[in-house]
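> Quick check, what structure comes out for this input:
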Amino acid sequence: MTASQFVKALEDEGVDVKEYRSWRTHNRNHKGAWGNVNGVVIHHTAGVNSLALCYDGMAGLPGPLCHTHLAKSGLATMVGHGRANHAGTFPANAFNAMLNESSTHPRPSGAETVDANARTYGIEIENLGNGRDFYPQKQYDAAVRWAAAICRFHGWTEHSVIGHKEGTTRKIDPKGPIGNAGGPQFDMNQFRKDVAARLKKDEAPSKPTPAPKPKPKPAAPAKPTVDLSNLIAAARRDPGLKQGGTTHPADVKLVEAALQKEGLLSAAYAKDGSFGTLTRTAYAAWQRRCGYTGSAADGIPGKASLEKLGTKRGFKVKA
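Numbering: from 1, shown residues only. Okay, here's the model as predicted:
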């Protein structure tokens, strides 16, 4: 999402947001692209008065060190947009659990081959991380809302959220009691439950005012239909055509638009109607998000994955 979309998503979720210096263009993108993003990583700062540090970084680790710094007061200050030095590398088992939104998050193990800085959002929550310094309830609630805002924007579940300690054995964060010095320890399973509850919340005005009798709503427009057989033919034929060649552009454009909304396909290629290499790669990423692997995630649409995309993004499937 864009920097403006990021701020709006947080404010819509009830987060108190402040913008810091040139955060909108402050990133490490020159070290590698940021995206496709697949999840959210929760950190603690292991220090106090860490806002400037999160923006500037330190010797050997340039900033930004996250996307958002969260103060004890619950104020969320934006310090970066794009690639940030917050997560480092993850082993595949930890990253794939987040990517596939697994209901269980295994202890990270194996070689750390995934560049998590390029694939995740990160928040640094101000806390000493010594197991005694506590997270005020207002700060904890703001962290939940921050994570929920990102998940809501991307259409992710709470299982796209992990603690840094769940992504690598090199880290222990987040750590510390919630609410007060004797409160329960920061537990990522409980944090995800709180994010899930937040995602389900449909807040109503505290004092609703009587409304006039509504006029009948016009019938909703019919959903567009995508022909599965056309898509399969396009996915097999279009990658081999000359630039701009298409097979079934009307069907393909609907799917490209849906993949763009999922954050899997660049806007520059989301309207050409060609199921070329980039679109096929994006659809393969969608299949993996649906839980498919191997030849079942080859980028050629199947009925189940296409129907799931259509249900989420507003089209019907003709099989």
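> all helices for the stretch 51-200 of the chain, in order.
51-56, 92-99, 137-154, 164-167, 188-200 (DSSP state H, counting those that start in this stretch).
> ok, now the stretch 201-319 of the chain?
With DSSP H, counting those that start in this stretch as the criterion, the stretch 201-319 of the chain has helices at 228-237, 249-261, 277-289, 303-313.
> Make CSV out of the ones you listed and add distance to Trp34, mean pLDDT and mean neighbour count.
From N, CA and C alone the C-beta is placed, and that goes for glycine too. Converted to CSV, those look like this (distance: least, C-beta to C-beta, whole Å; pLDDT from 0 to 100; neighbours: other C-beta atoms under 10 Å):
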stretch, distance to Trp34, mean pLDDT, mean neighbour count
helix 228-237, 27, 93, 18
helix 249-261, 16, 94, 21
helix 277-289, 15, 94, 21
helix 303-313, 23, 94, 17
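> Which one of these lies nearest to Met1?
Among the helices of the stretch 201-319 of the chain, the nearest to Met1 by C-beta to C-beta is helix 249-261 (10.8 Å).
> which helices and strands sit right next to the closest one?
Helix 249-261 sits against strand 225-227, helix 228-237, helix 277-289, helix 303-313, with contacts defined as 3 or more C-beta pairs under 8 Å, 6 or more residues apart in numbering; DSSP states H and E.
> Just send the ones you listed back as a markdown table, with distance to Val255 too.
Shown next, in a markdown table, are the helices and strands packed on helix 249-261 (distance: least, C-beta to C-beta, whole Å):
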| stretch | distance to Val255 |
| --- | --- |
| strand 225-227 | 6 |
| helix 228-237 | 6 |
| helix 277-289 | 7 |
| helix 303-313 | 7 |
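> What separation do you get for Gly129 and Tyr135?
As judged by C-beta to C-beta, to the nearest Å, Gly129 and Tyr135 stand 11 Å apart.
> and what of Gly47?
14 Å.
> Name the stretch among the helices of the stretch 51-200 of the chain that sits most buried.
helix 164-167 (a mean of 24; mean count of other C-beta atoms under 10 Å).
> what's that one in contact with?
By C-beta atoms under 8 Å, 6 or more residues apart in numbering, the list of residues contacting helix 164-167 from outside reads 41-43, 87, 90, 94-95, 98, 105, 108, 116, 171-175, 188.
> Model confidence for Pro218, exactly?
Pro218 carries a pLDDT value of 74.
> Strands of the stretch 1-150 of the chain, start to end?
16-19, 39-44, 57-58, 61-62, 68-70, 75-78, 89-90, 114-115, 120-125 (DSSP state E, counting those that start in this stretch).
> Please name whichever of those strands is nearest to Leu259.
strand 39-44 (18.0 Å).
> Are there residues contacting both of Gly129 and Tyr135? Which ones?
Gly176.
> Neighbour count: these two, which is higher?
Using other C-beta atoms under 10 Å, the more surrounded residue of Gly129 and Tyr135 is Tyr135, with 26 against 19.
> Please list all residues in contact with that one.
Per C-beta under 8 Å, 6+ apart, neighbours of Tyr135: Lys72, Ile125, Asn127, Ala143, Gly176, Pro177, Ile178, Gly179, Phe186.
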